[in-house]
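Q: Provided below are the primary sequence and the corresponding predicted coordinates.
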Amino acid sequence: MDKVSLLFPFKTDKGHREKIFEWVRKYYKYYFPNFEQCIGISRSQDFSRAQAINNAAQSASGEILIIHDCDIICSPKSIMDSLVLIRKKPWVIPYSKVFDMSKRDTDFFINYPARWPVKGTYEYSERLNGKFPTVGGVNVISKISFTKVKGFDERFIGWGGEDDAFAYTVDHLCGNHSRLDSEIIHLWHPRSEPVNNMNYQRNLLLLKSYQQCKNNNDLIRILSKR
């Protein structure tokens with residue numbers, strides 16, 4: 001089997017988020033001890049998740065990359081199914097449902113061994129039912145495809161928009177993604193509201209430019225500078 005690298009874009013809060021991340025890392029270490037774990041940080045003045053992912057990718061030696069947020073759990077079966085499917089597809093989104101775990105249960109479970117299934121109280125997220133379904137959180141992609149699109153667009157600052165732009169670029173330049181009929185669990189943490197990101201409106205305008213390039217590979221290349 002090809003070597004697999006987990007890419008974690010991370011920004012510490014020296015508190016709850018960091019504790020969750022350590023729990024997620026232990027989870028993958030337990031089920032997939034041979035996976036390389038690469039932590040990416042943003043070196044820009046304002047945190048850039050896109051830059052953090054790209055920095056993690058630079059240190060990755062795997063042929064398969066799993067781009068994985070630090071507050072999410074994906075079932076071991078979904079990961080394994082994705083690794084089979086990635087042999088035929090340029091990239092895979094290993095979920096079709098998102099569940100948000102309650103604060104109470106998150107606080108409880110991160111004090112116990114990280115195992116699947118993670119039982120608790122969940123709220124079903126409607127993020128997949130909108131006009132632009134959620135495509136981030138966990139992505140499984142060949143290093144060839146990631147390199148071809150030169151990773152994420154680092155003009156996105158903060159959180160928001162970079163996943164959708166990445167999806168547009170990879171779908172157009174490498175081939176459409178496959179999505180598994182499975183779920184991911186989003187662990188609770190204090191939220192960073194988009195309104196607190198001074199670059200949020202700029203991110204939205206940049207994302208709109210990507211959306212307007214739909215089905216036009218040449219425009220996507222020009223916009224993303226690929």
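A: Alright, I've got the coordinates. Residues are numbered from 1 along each chain as shown.

Q: From Ser182, how far off is Pro76?
A: Remark: distance between Pro76 and Ser182 (C-beta to C-beta, to the nearest Å) = 11 Å. Yep, even glycine has a C-beta here, placed from its N, CA and C like the rest.

Q: Just want to know which of these two has more residues nearby.
A: Legend: neighbour count by other C-beta atoms under 10 Å for Pro76 and Ser182, higher for Ser182 (18 against 15).

Q: Need the nearest residue in space to the more buried one, chain neighbours excluded.
A: Ser78 (4.3 Å; C-beta to C-beta, 6 or more residues apart in numbering).

Q: need the contact list for the one you found.
A: For Ser78, the contacting residues are Pro94, Tyr95, Leu180, Ser182, Ile184, by C-beta atoms under 8 Å, 6 or more residues apart in numbering.

Q: How about Pro190?
A: Asp13, His16, Arg17.

Q: before we move on, what SS does it have?
A: When classified by DSSP: H, G, I helix; E, B strand; the rest coil, Pro190 comes out as coil.

Q: residue ranges for the helices of this structure, please.
A: For the chain, the helices defined by DSSP state H occupy 16-31, 49-58, 76-85, 103-109, 143-148, 162-173, 200-211, 217-224.

Q: which residues sit against the helix-or-strand element of the chain with minimal mean pLDDT?
A: Sorting the helices and strands of the chain by mean pLDDT, DSSP states H and E puts strand 122-124 at the bottom, at a mean of 77. With contacts defined as C-beta under 8 Å, 6+ apart, strand 122-124 is touched by Lys97, Val98, Phe99, Asp100, Met101, Ser102, Ile185.

Q: Of all pairs in those, which one is the farthest apart?
A: Put simply, by C-beta to C-beta the two of the contacts of strand 122-124 set farthest apart are Lys97 and Ser102, 16.6 Å from each other.

Q: Okay, buried residues for stretch 57-64 please.
A: By 16 or more other C-beta atoms under 10 Å, the buried positions in stretch 57-64 come out as Ala57, Ala60, Gly62, Ile64.

Q: can you put the residues you listed in JSON lines and add pLDDT and distance to Lys29?
A: Shown next, in JSON lines, are the buried residues of stretch 57-64 (pLDDT from 0 to 100; distance: C-beta to C-beta, whole Å):
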{"residue": "Ala57", "pLDDT": "98", "distance to Lys29": "20"}
{"residue": "Ala60", "pLDDT": "98", "distance to Lys29": "16"}
{"residue": "Gly62", "pLDDT": "98", "distance to Lys29": "15"}
{"residue": "Ile64", "pLDDT": "98", "distance to Lys29": "17"}
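
Q: coming back round to it: return the member of the contacts of strand 122-124 nearest to Ala114.
A: Taking C-beta to C-beta as the measure, Ala114 lies nearest Ile185 of the contacts of strand 122-124, at 11.6 Å.

Q: Out of the contacts of Ser78, give me the one that has the most neighbours.
A: Counting neighbours by other C-beta under 10 Å, Pro94 leads those with 28 neighbours.

Q: Tell me the confidence at it?
A: Pro94 carries a pLDDT score of 97 in this model.
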